[in-house]
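>>> the following comprises the amino acid sequence and a computationally predicted model.
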Amino acid sequence: MEDLRERYDLAYERISQIRKEINSGSTDIPECFRRFCLVQAELFCMIKKVMDEPAKCANKAFNESLYADIKDDAYEFSFCEPEFARKSFGEKLAPCVNWIAVHIRDIIPSAYSGDLWTVVVYAELFLEMIGSMCSSEEGELKSHLKEMIYYFIHDYDEIRMEKRILSFIKPNDGIIFDTIMNSDLSDTNYLYRYGAHISDNEVCFSTFLSELSDEKIESMARTYTEGYKKGFEDAGIDLNEKNTVEIRYPIGMERVVRAAVKQFENIGLKPTFRDVENLDNLCVCTTPANRQYLYDHRFDAALYMNQALMTQKLEHAKKAFEENSELAYVYAGPAVIETFGEKLFEPVKKDAAPELDKEQEKVFINYKRDYALMQDEFIPGEKRSYTIIAYPVPDIGDRFEEIFDKTIEINTLDSDLYQEIQQHIIDALDQGEYVRIKGKNGNKTDIKVMLHKLENPDKQTNFENCVADVNIPVGEVFTSPVLTGTEGVLNVSYVYLNGLRYDNLLIEIENGKVKNYTCDNFDDEEKNKAYFKENVLYNHETLPIGEFAIGTNTTAYVMAREYGIEDKMPILIAEKTGPHFALGDTCYSMSEDVVLHNPDGKEIIAKENEISALRKESPERAYFQCHTDITLPFEELESIIVFTKDKKEIIILRDGLFILEGTEKLNKVLEEMKNA
């Protein structure tokens, strides 16, 4: 630590000197780089203030100054903006200089958490860059900067990987835990302790929650923690063997999280909080300072990614897991609170933004797969669970408080009632050889979904009866369909997938896999295809249908229509508001061998498909590490019909209403909406 402190002092002494030299004009830095270097030096000086006196820097004014460079119109003239960087430094140098500007910003949360190592290595990288700018010939600078960044990633990856893995498997009492458990949550200044960007959204959210009764907060937390506990019970996993729960939540929700931490501790689970370096939203999420900024830099790894580096990352991850295998074994899984209602975002695709080339796409896909498989060795899927719940944020509109209360109602609907209704649907579906879903009113959906054969219908089922446990709220029955013979067209007028809008999305399915696709987002058809491939297929050439489900939560559907927030609903709730298909892995990915039963005692046997079944002989071909739900709204549905082997037709839904006997109660809110 003394050596690290010495490096810190030396680095900041030199950065302060560089700042003075640039301001006085007595510097060796080439003129074209001076403003860039001054901007970064100023940011480092602010970061030093945070390191030296974090409490004095935990306020709105300082937070705004930290993120001013990338907010609103300022971003257009920021060195973090790819097009501006290209204009400033030319096509060859811009990617490297742009990368450095962006990733220096990433250490802001690290400074607030007192992470001296991260601050030091980035300060030294900045000084190395300046040295290269001063000493390199014009034609050599690009290769020098690119090599410098590569070895910065290469040389520090082992430490970074161990830090990241430990952060979610090892209990900690760092800045996140301290902020949750020890802050005065009635004073919104606590929000600035993270170092993340704080908007009015987080302030209003925290203020709103501070005014709720203790009973309501405890109830909200209880829904979340009991859902987590029930997930283990339903899967037959012994929670007593576990010691840690990874909590993920939105900033502003601390009062509920504090109650949840105490409830988890009462059942023997200590909280962990994933490393917030790079603000990757895996731990705490917040309203971004600029979503276009995040979109522009989603593929920054293109600057250095290659097979050797990804192989090394896997080796470092495996070493970290091996050295901490006992901690990994008692990790129970994530408990997630999501938000919805943020302002909608339509990205601008920029030519200057980094992109993965074809080889890098393959390398990255393989890395994600291999990392997941390796992690599963130390944290087996059949030994862990999760829960996820969502709440609206103030950005959703003037009726936020009404929508919030309605969401609580939706999250606590009568599970027993839905279980009974959904059992009628499952009983009908289990008679089928396949299901046909057709659209209407211009919706071209016409798709046949093949079902697994039940060898013993009295004891087996294809569909899970999903009530409020890991996946809150209640309201769906789902299966992993047979791929062979599953075919047709899936169409929806508009939909938000992974935070991005798709207009008139149309997907052709053949033998359960994506054959073709398009949307109307761009005039250029190639751009439409690239948009879908990049953000839904995650650069795979195709993906299978991993899930077919029928959502039954008509109350949530009506709420979305009543408040005009259909386009802001999270997939967690949206998937419960109609039939949906998921592209990618099945819902049982890496836990296919866990024996599961529905409340009626029948075993769920449809937990994999022809691709996931390859896990037994070629696990690298079985999984994709993605799962994107695409929901069809009721008003665009003509019918959902079950076809039995003897050609009998069982109609579940017709013209947007459930007509199967035993499901009539689902229509009450739909009919009230029509008659209103």
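Sure thing, it's come through. Computed from a prediction, not measured in an experiment: that's the story for all the values here.

>>> and stretch 79-86, how far out from the chain middle?
Relative to its parent chain, stretch 79-86 has a centroid offset of 26 Å by Cα atoms, centre = their mean, to the nearest Å.

>>> helices along the stretch 51-200 of the chain, start to end?
Here the stretch 51-200 of the chain has its helices, by DSSP state H, counting those that start in this stretch, at 60-67, 82-105, 108-112, 116-135, 141-169, 175-182, 200-210.

>>> the fifth one: which residues count as buried?
Same thing as helix 141-169. 141-142, 144-146, 148-149, 152-153, 156-158, 160-169 (16 or more other Cβ atoms under 10 Å). Bear in mind the C-beta positions are built from the backbone N, C-alpha and C, glycine included.

>>> helices or strands up against that helix?
helix 82-105, helix 116-135, strand 244-250, strand 270-272, helix 307-323, helix 325-329 (3 or more Cβ pairs under 8 Å, 6 or more residues apart in numbering; DSSP states H and E).

>>> deepest-packed of the helices of the stretch 51-200 of the chain, please.
Stretch with highest mean neighbour count among those: helix 108-112 (a mean of 24; mean count of other Cβ atoms under 10 Å).

>>> tell me which residues touch the closest residue to K170 other than its chain neighbours, please.
Nearest residue to K170, sequence neighbours excluded (Cβ to Cβ, 6 or more residues apart in numbering): L327, at 5.3 Å. Counting by Cβ atoms under 8 Å, 6 or more residues apart in numbering, L327 touches 166, 169-170, 244.

>>> any idea how far L327 is from K242?
L327 sits 11 Å away from K242, going by Cβ to Cβ, to the nearest Å.

>>> likewise G601?
Taking Cβ to Cβ, one finds G601 at 27 Å from K242.

>>> so between those two, which is more surrounded?
K242 (21 against 9; other Cβ atoms under 10 Å).

>>> and that one, what pLDDT?
Listed pLDDT for K242 reads 97.

>>> find the nearest non-adjacent residue to it, please.
In space, K242 is closest to A332, 3.8 Å off (Cβ to Cβ, 6+ apart).

>>> how much space is there between that neighbour and K383?
9 Å.

>>> likewise for F400?
In terms of Cβ to Cβ, F400 sits 39 Å off from K383.

>>> quick one: closest of the helices of the stretch 51-200 of the chain to D370.
Nearest to D370 among the helices of the stretch 51-200 of the chain is helix 141-169; the distance by Cβ to Cβ comes to 13.7 Å.

>>> helix 175-182 and the closest one, what's the angle between them?
40 degrees (axes from the mean of the first three to the mean of the last three Cα atoms, to 10 degrees).

>>> what mean pLDDT does helix 141-169 have?
95.

>>> next, the angle from that helix to helix 307-323.
Relative orientation of helix 141-169 and helix 307-323, computed by the same axes, to 10 degrees: 20 degrees.

>>> returning to that earlier point: A332 and K383 - which one has more neighbours?
Taking neighbours as other Cβ under 10 Å, A332 and K383 compare with A332 leading, 28 against 20.

>>> show me which residues of the helix or strand in which the more buried one is found are buried.
For A332, the host element (DSSP states H and E) is strand 331-340. Buried positions in strand 331-340, judged by neighbour count with 16+ other Cβ under 10 Å: 331-340.
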